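Student: make a model of this:
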Amino acid sequence: MAEKKTFCTTREAATMLGISIGTAQLWVDKGLLSAWKTEGGHRRVTRESIDKLLNLDAAMPLDTTAVINSSRLRILVVEDSSTLRRLYEIVMSQWPMAPQVTVVDNGIRAVMQLERESTDLLVLDLGMPGLDGFELVRILKSDKKHANTTIAVVSGMDQGEIVKRGGVPQDVLVFGKPVPFSKLLAEAVSINDRKKDVGPFPPLHG
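Tutor: Below is the predicted model:
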């Protein structure tokens, strides 16, 4: 029986993780995947670091309702505070359009979720460990398949600190904490109205 490979190419790593090659390369650059370069300049990603992310992904519950209820407004919340994650779930689930709400606790899980399916509204914190909100926004803005996603930042950072750390694109909504649920609801209503006019986004699979 052949021994399990201890390293993979970037393409192989991307395939195993279900992400794009560009995302895999960015994760290498950020240190989320361990890798080195051969003498010819090709990246080799350690299988150990891939397995760690696969184990993290396996621990995330698979949301099957999105496929069945694809016409519903889809909201993805990325927040490392368990208290705030629960608050988002409770409040948003009571909104009049009955949105499909998914919450994750870090940027890596957010990217994996978004690789599975699109979302209408992404609400995220900026100051998160590992893949922070700044990098998450950069990943999404570099991928055309997320062009229809409205991104809303809810952060305890003031505007000066956000700018100091590189800022966010002008079309990203920026709100301070405490969470402004009334403003997020107004945005969700607007997105939902547009969604009814043009129909749901197609799934990312296939």
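Student: low pLDDT regions in the chain?
Tutor: Applying pLDDT under 70 to the chain picks out residues 1-4, 30, 56-70, 198-206.
Student: what about the strands in it?
Tutor: Per DSSP state E, the chain carries strands over the ranges 7-8, 35-37, 43-46, 74-78, 100-104, 121-124, 150-155, 173-176.
Student: does anything pack onto the first one? Which helices or strands?
Tutor: This points to strand 7-8. Judged by 3 or more Cβ pairs under 8 Å, 6 or more residues apart in numbering; DSSP states H and E, strand 7-8 is in contact with strand 43-46, helix 47-58. In short, each C-beta sits where N, CA and C put it, glycine included.
Student: the longest one now?
Tutor: Under the contact definition 3+ Cβ pairs under 8 Å, 6+ apart, strand 150-155 sits against strand 121-124, helix 133-141, strand 173-176, helix 181-198.
Student: roughly how far does the residue most central in space within the chain sit from Met157?
Tutor: In the chain, the residue lying closest to the centroid (Cα atoms, centre = their mean) is Ala110, at 2.8 Å. According to Cβ to Cβ, to the nearest Å, Ala110 stands 18 Å off from Met157.
Student: how does this protein divide into domains?
Tutor: For the chain, automatic domain parsing gives the domain ranges 7-58, 67-198.
Student: any idea how far apart the tips of stretch 36-49 sit?
Tutor: 12 Å (Cα to Cα, to the nearest Å).
Student: contacts for that stretch?
Tutor: Stretch 36-49 is touched from outside by 4-10, 12-13, 24-25, 28, 32-35, with contacts defined as Cβ atoms under 8 Å, 6 or more residues apart in numbering.
Student: in contact with Ile75, which residues?
Tutor: Contacts of Ile75 by Cβ under 8 Å, 6+ apart are Met92, Pro99, Gln100, Val101, Thr102, Thr119, Asp120, Leu121, Leu122, Val123, Ala188.
Student: burial count for Gly167?
Tutor: If you count neighbours by other Cβ atoms under 10 Å, Gly167 ends up with 13.
Student: brain fart, Thr38
Tutor: 9.
Student: so how far is Asp143 from Ile75?
Tutor: In this structure, Ile75 lies at 19 Å from Asp143, with Cβ to Cβ as the measure.
Student: same thing with Ser155?
Tutor: Ser155 is 22 Å from Asp143, where distance means Cβ to Cβ.
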